[in-house]
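Student: no sequence for this one, just the structure:
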C-alpha cells in the first residue's frame, strides 16, 4: 500500500458524459501527478500539481482539466468523453520535486 | 535516442535462473532514472531511483546499474522466483523537469 488513494476504482459511463476522478496523496506529499494508461500504451504523463499550483503539463487534452485543493487532494475532470478515453488513470505523489513517485491503485474508466 | 526504450518487450525465465533487461534513455540534461515494478491488478511500485553515473543499487535479489554518459540502465534479477513475475518499467526525468517519461516496460514471466 503506497498511501495514495484514488476513487472510484471503476467507472463506466457513456460517450459525451463528464466524470471526476479523485486522488489523495500520501500524507505530507505536496506533488501530485496524473497519468493515463491506455491499451498497448505506456504510462502517459498528463499533468502535475505542486502545493496547489499547476507545475507541468503533458499530453493532456483540452477536454481534461485538473486541480489541487488546499488539503492537497486532487481531482481530474474528463468531459465530452469519447470511446478512446477508456483507460486506467493513475495518480502519483511525491514529497520532493524530482523524487520517487508513489502510485495509487488507479481508476479504470470505461466509456461505452 | 529521443524517448525511453526498454528491451526485451517480454521475457520468460525458468525459476532459479538469473536475468537482466535494458532501459535506454536520452543522456542530455539527465537528472534521474527510476525503476518500477508493476504486478497485474496492482499499482507500479518504486524499486530504485538513480542519479549518478556508475550508480549501483540493490534490493534483495534485484539490482540496477546506471550509465548516464551512454544513456542506459540494466536491471538484474538473481535466482528468479515466481513472485518476480511482473512488468518492469523504467522512467527518466531531465534536470529541472519533474515530468517522468516512461518506457513501455519489460513483461517478465517466471516459469515454475
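Tutor: Everything's here; your move. Predicted model, so just to flag it, every value in this text is computed and none were measured.

Student: CA only for contacts and neighbour counts going forward, please
Tutor: Noted.

Student: phi and psi next, for residue B:82.
Tutor: phi -50, psi -30 (degrees, to the nearest 10).

Student: now do residue B:83
Tutor: phi -70, psi -10.

Student: burial count for it?
Tutor: Residue B:83 has 10 neighbours, counted by other Cα atoms under 10 Å in any protein chain shown.

Student: identify the residue spatially nearest to it, adjacent ones excluded.
Tutor: Spatial nearest neighbour of residue B:83, chain neighbours left out: residue B:110 (7.9 Å); criterion: Cα to Cα, 6 or more residues apart in numbering or on different chains.

Student: and residue A:85, how far is that from residue B:109?
Tutor: 29 Å (Cα to Cα, to the nearest Å).

Student: swap that for residue A:55, please
Tutor: Residue A:55 sits 37 Å away from residue B:109, taking Cα to Cα as the criterion.

Student: in terms of neighbours, single out the busier of these two.
Tutor: The residue with more neighbours, out of residue A:55 and residue B:109, is residue B:109; 20 against 16, by other Cα under 10 Å.

Student: how about the strands in the chain?
Tutor: I'll assume chain A. Taking DSSP state E, the strands of chain A run over residues A:5-7, A:10-13, A:19-24, A:31-37, A:43-50, A:53-57, A:64-68, A:74-78, A:87-94, A:102-103, A:107-111.

Student: other chain: chain B
Tutor: Using DSSP E, strands in chain B cover B:5-7, B:10-14, B:19-24, B:30-38, B:45-50, B:56-59, B:62-67, B:72-77, B:86-94, B:101-102, B:106-111.

Student: picking up where we left off before, need the strands of chain A in JSON lines (columns: distance to residue B:32).
Tutor: Output for the strands of chain A, formatted as JSON lines (distance: least, Cα to Cα, whole Å):
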{"stretch": "strand A:5-7", "distance to residue B:32": "25"}
{"stretch": "strand A:10-13", "distance to residue B:32": "33"}
{"stretch": "strand A:19-24", "distance to residue B:32": "25"}
{"stretch": "strand A:31-37", "distance to residue B:32": "17"}
{"stretch": "strand A:43-50", "distance to residue B:32": "16"}
{"stretch": "strand A:53-57", "distance to residue B:32": "17"}
{"stretch": "strand A:64-68", "distance to residue B:32": "25"}
{"stretch": "strand A:74-78", "distance to residue B:32": "25"}
{"stretch": "strand A:87-94", "distance to residue B:32": "14"}
{"stretch": "strand A:102-103", "distance to residue B:32": "15"}
{"stretch": "strand A:107-111", "distance to residue B:32": "27"}
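
Student: which elements pack onto the lowest-mean-pLDDT helix or strand in chain B?
Tutor: Lowest on mean pLDDT, DSSP states H and E among the helices and strands of chain B sits strand B:101-102, with a mean of 90. Applying 3 or more Cα pairs under 8 Å, 6 or more residues apart in numbering or on different chains; DSSP states H and E, one finds that strand B:101-102 contacts strand A:43-50, strand B:86-94.

Student: tell me which of the ones you listed is the most buried.
Tutor: Compared across the helices and strands packed on strand B:101-102, strand B:86-94 shows the largest average neighbour count, a mean of 24 (mean count of other Cα atoms under 10 Å in any protein chain shown).

Student: can you count the residues close to the closest residue to residue A:103 other than its chain neighbours?
Tutor: Once flanking residues are discounted, residue A:103 sits nearest to residue A:92: 4.1 Å by Cα to Cα, 6+ apart. Using other Cα under 10 Å, residue A:92 has 29 neighbouring residues.
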